[in-house]
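# Need a 3D model of the sequence below.
(4 chains)
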Amino acid sequence: MDLSYSPEELAFRDEVRGWLKDNLPDDLRRKVAEYEELSRDDLLRWHRILAKKGWVAPSWPKEWGGTGWNVVQRYIFEEECGYAGTPPLIPFGLSMCAPVLIKFGTEAQKKRFLPRIYNGEDFWCQGYSEPGSGSDLASLKTKAVRQGDHYVVNGQKIWTTLAHYADWIFCLVRTDSESAKRQEGISFLLFDMKTPGITVRPLILLDGGHEVNEVFFDDVKVPVENLVFEEGKGWTVAKYLLGHERMGTGRIGASKRELTKLKEFAAAQKKDGKSMLEDARFRDKLSRVEVELMALEITNLRFLDQMRRSGNPPGADVSMLKIKGTEIQQTLSELMMQAVGPLAQPFRPVDAPVAARDDFDAFVASLAPRYGNMRKTTIYAGSNEIQRNIISKMTLGL
Amino acid sequence: MDLSYSPEELAFRDEVRGWLKDNLPDDLRRKVAEYEELSRDDLLRWHRILAKKGWVAPSWPKEWGGTGWNVVQRYIFEEECGYAGTPPLIPFGLSMCAPVLIKFGTEAQKKRFLPRIYNGEDFWCQGYSEPGSGSDLASLKTKAVRQGDHYVVNGQKIWTTLAHYADWIFCLVRTDSESAKRQEGISFLLFDMKTPGITVRPLILLDGGHEVNEVFFDDVKVPVENLVFEEGKGWTVAKYLLGHERMGTGRIGASKRELTKLKEFAAAQKKDGKSMLEDARFRDKLSRVEVELMALEITNLRFLDQMRRSGNPPGADVSMLKIKGTEIQQTLSELMMQAVGPLAQPFRPVDAPVAARDDFDAFVASLAPRYGNMRKTTIYAGSNEIQRNIISKMTLGL
Amino acid sequence: MDFEYSEEQQLLADSVQRFIQKDYDFEARKKIVASDAGYSEDAWRTFAEMGLLGLPVPQDFGGFGGGALDLMAVMEAFGDGLVVEPYLPTVLGARIIAHAGAKAQQKAILPALAEGRMKLALAHTERNSRYDLAHVETTATPSEGGWLLSGEKRVVLGAPLADKLIVSAATSKRGFSLFLVDRTAPGVEVKAYRTFDEMRAGDVALDNVRVDKKALVGKKNAGLALVEEAVDFATALICAEAIGAMKSANDATLEYLKTRKQFGVPIGTFQALQHRMVDMYITAEQARSMACLAASKADSASDADDRRRAISAAKIKIADACRQISQEAIQLHGGMGMTEELKVSHAFRRLTMIAQQFGDADHHLERFAALG
Amino acid sequence: MDFEYSEEQQLLADSVQRFIQKDYDFEARKKIVASDAGYSEDAWRTFAEMGLLGLPVPQDFGGFGGGALDLMAVMEAFGDGLVVEPYLPTVLGARIIAHAGAKAQQKAILPALAEGRMKLALAHTERNSRYDLAHVETTATPSEGGWLLSGEKRVVLGAPLADKLIVSAATSKRGFSLFLVDRTAPGVEVKAYRTFDEMRAGDVALDNVRVDKKALVGKKNAGLALVEEAVDFATALICAEAIGAMKSANDATLEYLKTRKQFGVPIGTFQALQHRMVDMYITAEQARSMACLAASKADSASDADDRRRAISAAKIKIADACRQISQEAIQLHGGMGMTEELKVSHAFRRLTMIAQQFGDADHHLERFAALG
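All right, here's what the predicted structure looks like:
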């Protein structure tokens, strides 16, 4: 048994780490570190830097720009990005639409969309959830009726992350409402967000941030060539994507960075003249989350090792990474807020944007909102309750 | 709003407290305080002391020996007994069989059994649970077939507390296995434990203690006059008993005594030369359980106040007292064990009974078993899961 | 033993609840929060008319001389309605002036407070004080028969709305004193902001602010006991407020569990969620018991330690409860709970802040343990 | 990166598992626990034959020179089988002698250990030491070219079964030393008892026990580092043992959930129980990861602090996990889990004790924090 990376893996990690150090722009690094909202330009700028390096889509087939990395290298890359604090790579194009097109798309679709996704020319979003569907995806109601060369789409999507930035959206729609099984009659369609009849309405989150939206479709005409795979086979496509495990679910790298930041930050906060790190009560909470993170990193590596050995993804156990990883993220954000004690109350200056007020400690004021924002992590991408159901059923056989 | 008892209630409390102080025998007080097993004689001795005083069955009708106390007085009495650390009053006769007889019994049954229960002449146990029934009481299988003046009973009971001490057992048995609803066809029978065909087999608990048993019935002949209420109406009787709320479910008094003991005990345990009470980590656990106990006492008083006002029992909310009360008891026992650190490992001397070894700290050696034993509290008398189901359904309407 | 509100307390509570239902519902509140002032003058006037502002003011000064038990029902209703007006700082101020103010100060301030013509704020917390009430770096230097105050106060609740600030400043190595300072006095600068729970607060910079002799509140060097008593009183009040906000969050969550369907059934039929909802319910009941204790002891503790011990015990339970219920309410609401469109997300914000306000659980665990 | 056992480790683990299935099942174990000796000579002989006793002994002395990673699979299997033989104290002793013993001591002891002809026990803990390894009140007074040892040791695991005790005793104000003492030496009294987890231990009274020069193990006053290293090593081993016992408890609970019916369905169909079982499963996986770390760092930490930090981190997680899984396993089993008839109640006892053995979570949280 050996818990360390091999010399080759360490060399790869150092290469990635060194390159990130040199190529991550300072302003983006700062924005991420200080929990600032990233603009469309920020996201695309980083996407294009990676694309230029050839690292933006490691898991794609080489012919379309993939790196040919093995599962450990891909994991190392993801975690190093998290550890460096890069802006996120928005997954909707790179990790969701593209794999679907590669598996199910026509040659024409691939040629049309993949290079633009790779180069960050199109910003994609995902139209899955609907009001009332939530975890029960198959209950979706948005209707697409074929009329000649088009589908005419009516309905509503919700929780559409960054729809306000998006050029394209991929949607699950119901093309046959008569089918006996709810999973049948669902199709996978690609819409240009500029198509008439699409309205995006912001859903402001409890921290005041704008990340998600409602998207309304009112007689939206989608050309038939934007259908992926067969009509009525959208559920097959969706299931393929759900099974398309990512190894970075635990977000170990990002949490390690946050832990380091928390320690530095807490050390600077005083209680009775001493650092908060010397306060047993506070420190134990910090220690326990640190231990949990150490454990999760090893658990993740164990899964990787298994995966490399067997060639198979770890299956339902990957839900464990989601559950523990998000709990860790939430605890870290909570401890950041608790570290400042009463100073966590401020939120926004009354008469000026945060950045314009140099007498306002915008970072400290971001801690409570950040804590609030991180509550989403146990809800989105399959709530932690759903993840527990998955382990219960698939791993434990209950 | 006033959280204190009235002067009359305080006077009553002082009367009870004073009387207990004078009348609880020292050896019994010590045995309870040191978590020693109580013998049949110990239990009956205390029962008879209370009977002589006229306080053994406060809630019975006055004609049978009840005290006529109101709900607050009954609560005060129960909690004072817990606080003083008296042996428990075994409820099977006093609080279970007797109320059933008073409500459903014939005059003959009342005259025959109630005075003997009151005076501690008969020791009763309860035959409800069966292997495989657990929380699902109505699934019971023990069969009683009428033959002339007798029922012939075959089957098995389990978890029969103190059956090895008992003179009598009251049982739920199935007198009609054809009935459509499982609840129908159940009858409530009283058995003399000396009847041929009854076998009691100990179930030793994980702390090595003998409290519960399996009871086997092999062609046990029970006279028809020992049927309570009508044949096939046993479920009505059982339901009546389940609804017969006791206000002492939270065991506040006993937990207050344990908390005091824990504080004294922890103060005498040293860590780095200082008392364990000065150790923030240990102390916070102790403080939190103390706060929970303070809260539960007030919650209990709030329910009493409501009950006195409305004349109605608090209903499903009494499940809250069970849940919190048992969690508190468990935490207190766990902290007692943790307070001694590595010294909690000893269990029993190899070559002599505990009491005979004066070089063996029997009390310290009782802490881990006591902790183990207290795990039962969240399981018995309706597991805490069942209690949550009850609140969910009855109070919250889920 | 009596856990009902008195008839008067209940009448007042009913009228506050009616006001909130009628004039301070979630939509009305949204507008108030978004307004320039961040609070409603109309609501404030109504509070005065209803007698809420006079409640903590002694009868001699046009008030009702109410204690924590009298304020409890009001605070609970405010918690349910997530009221953002600066009621708490005003009560804090009234308490200090009523206890320790000179007659002249009382006459000048208390009737005006009761009538809604004046607001106060307690400027006490500093950058390095955390929850330690004895930690004051701001100084008061004797000068020309008065004092010069210099220092910086942080997160002064209600500061931007207050007419007068009660400022703590060190007057010797042995202690600090309290001073009345006009918010607009020369040398006072208030940097205003919204708080995470949508109230108004500010950082207060004091740069050689000149106050005269009469500005001293209470005895010299005797500030700590005053502030401690007032903050304990206010802590009892936010415990009651928390009860209201928890009830709001619990009610909303229960309703959501009953109505929201997944896989064709209400999600409230899932046992894992039922048990968590039950735990939220039990926690709220236990927290209510401790809020009763806090209010009761704020009014009639046998001594300061008896009061401190009960208040800390209550705040430990309330802080833990705020955390559990706010987090679970959002989680059980799923995505909807994350949006500012549902009231529950605002209850989350307030509960999160109450958990820390006047000392988080760790602070009160430390104080509770020290009291034996 | 490689999380599989080596071929040799796996073969050994398999043979231990086969032994437990065949000769050390729950019924066999019951008899051993109830026996006078409280352990099985036969099992011990088998351990020697299988090479388990030689595993921690250096090759020069007839052993295999195995480290924590080599012992991990054995300990995991022992945890699963709830083996009560005094393997842990023997490994502890072997570790100390191998590290610091004089050549003569090593020759006299290590081969005998490996062959099962001798057992050791570390007599270190005292009434007031709690988990502080530096706290030693027992004294060693120089006398006639040797020492006189006096004091009392508590909860010495394996003491009644040991041939020799390694006794710690203060040799100066600066530190303590370790001494080899025959269990039957004049002045040594062992009060034997069963432990809650069904092993044998004893309190050891030392009344002017005379030992000669050669009894000193390692350098004078250098006992702390030796004990610390050995106890850290043993802590890594009980972490692995805990993994086995947790797996046993989890497997039994899962099986119970699938077979036990209530209201006509297996109780494993109730979602609240499913989610708790999932949490137990996740906890066991996280604990396993930390047990891997502990074993790995026990063998090859970069320095003592690196080792201490990893061992403490592991023990924090293991202690929390032992507590959660042992409690939940009983609760989900209901009444049946409370009886000594099911193996799960014995796993509960061992897990409860592992949580505290060599330091509970609080102790290791303190040590972990102190290491930065």
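
# Residue C:170 should be in a strand, yeah?
Yes. Residue C:170: assigned to a strand according to DSSP: H, G, I helix; E, B strand; the rest coil.

# how's the chain carved up into domains?
Went with chain A since none was named. Using automatic domain parsing, the domain ranges for chain A come out as A:7-89, A:124-233, A:245-395.

# To clarify, I was referring to chain C.
If you go by automatic domain parsing, chain C breaks into C:7-114, C:120-221, C:224-371.

# From one end of the first one to the other, what's the distance?
End-to-end span of domain C:7-114 (CA to CA, to the nearest Å): 22 Å.

# what is the mean pLDDT for that domain?
For domain C:7-114, the mean pLDDT works out to 96.

# can you count the residues close to the residue in the stretch 51-200 of chain C positioned nearest to chain B?
Ranked by CB to the nearest CB, the top residue of the stretch 51-200 of chain C for proximity to chain B is residue C:69, at 5.2 Å. Backbone N, C-alpha and C define where each C-beta goes, glycine included. Other residues within reach of residue C:69 by the criterion other CB atoms under 10 Å in any protein chain shown amount to 21.

# State the helix or strand in which it lies.
Per DSSP states H and E: residue C:69 is located in helix C:68-81.

# just checking, what packs against that helix?
Applying 3 or more CB pairs under 8 Å, 6 or more residues apart in numbering or on different chains; DSSP states H and E, we find helix C:68-81 packed against helix C:7-23, helix C:223-259, helix C:271-300.

# ok, the following helix or strand past it near chain A or not?
Once the chain leaves helix C:68-81, the next helix or strand it forms, by DSSP H and E, is helix C:87-100. No. Under the criterion of CB under 8 Å from any CB of the partner chain, chain A is not reached by helix C:87-100; the shortest gap measures 12.5 Å.

# Could you give the separation of helix C:87-100 from the chain centroid?
Here the centre of helix C:87-100 is set off from its chain's centre by 11 Å, with CA atoms, centre = their mean, to the nearest Å.

# Stretch A:321-328 now?
With CA atoms, centre = their mean, you get 13 Å for stretch A:321-328.

# Show me the one of the domains of chain A that comes nearest residue D:185.
Across the domains of chain A, residue D:185 has its closest neighbour in domain A:245-395 (42.9 Å, CB to CB).

# Around chain B, pick out the residues from the stretch 1-150 of chain C.
By CB under 8 Å from any CB, the residues of the stretch 1-150 of chain C that approach chain B are C:1, C:2, C:3, C:4, C:5, C:6, C:9, C:69, C:72.

# circling back to that earlier point, any chance of a markdown table for the domains of chain A, columns distance to chain B?
A markdown table is the format used below for the domains of chain A (distance: least, CB to the nearest CB, whole Å):
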| stretch | distance to chain B |
| --- | --- |
| domain A:7-89 | 30 |
| domain A:124-233 | 18 |
| domain A:245-395 | 4 |
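
# Include mean neighbour count, mean pLDDT and distance to residue B:136 when you put the ones you listed into TSV, please.
Below are those laid out as TSV (neighbours: other CB atoms under 10 Å in any protein chain shown; pLDDT from 0 to 100; distance: least, CB to CB, whole Å):
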stretch	mean neighbour count	mean pLDDT	distance to residue B:136
domain A:7-89	17	96	48
domain A:124-233	19	94	30
domain A:245-395	20	91	22
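
# Including distance to residue B:320, could those domains go into JSON lines?
Putting the domains of chain A into JSON lines (distance: least, CB to CB, whole Å) gives the following:
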{"stretch": "domain A:7-89", "distance to residue B:320": "40"}
{"stretch": "domain A:124-233", "distance to residue B:320": "30"}
{"stretch": "domain A:245-395", "distance to residue B:320": "24"}
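
# so which of the helices and strands packed on helix C:68-81 comes closest to residue B:28?
Nearest of the helices and strands packed on helix C:68-81 to residue B:28, taken as CB to CB: helix C:271-300 at 32.7 Å.

# which other helices and strands contact whichever helix or strand comes after that closest one?
The helix or strand immediately downstream of helix C:271-300 is helix C:304-333, counting by DSSP H and E. Judged by 3+ CB pairs under 8 Å, 6+ apart, helix C:304-333 is in contact with helix B:280-310, helix C:223-259, helix C:271-300, helix C:335-338, helix C:343-356, helix C:361-370.

# can you put the ones you listed in JSON lines and add distance to residue B:22?
Formatted as JSON lines, the helices and strands packed on helix C:304-333 follow (distance: least, CB to CB, whole Å):
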{"stretch": "helix B:280-310", "distance to residue B:22": "25"}
{"stretch": "helix C:223-259", "distance to residue B:22": "40"}
{"stretch": "helix C:271-300", "distance to residue B:22": "32"}
{"stretch": "helix C:335-338", "distance to residue B:22": "58"}
{"stretch": "helix C:343-356", "distance to residue B:22": "48"}
{"stretch": "helix C:361-370", "distance to residue B:22": "35"}
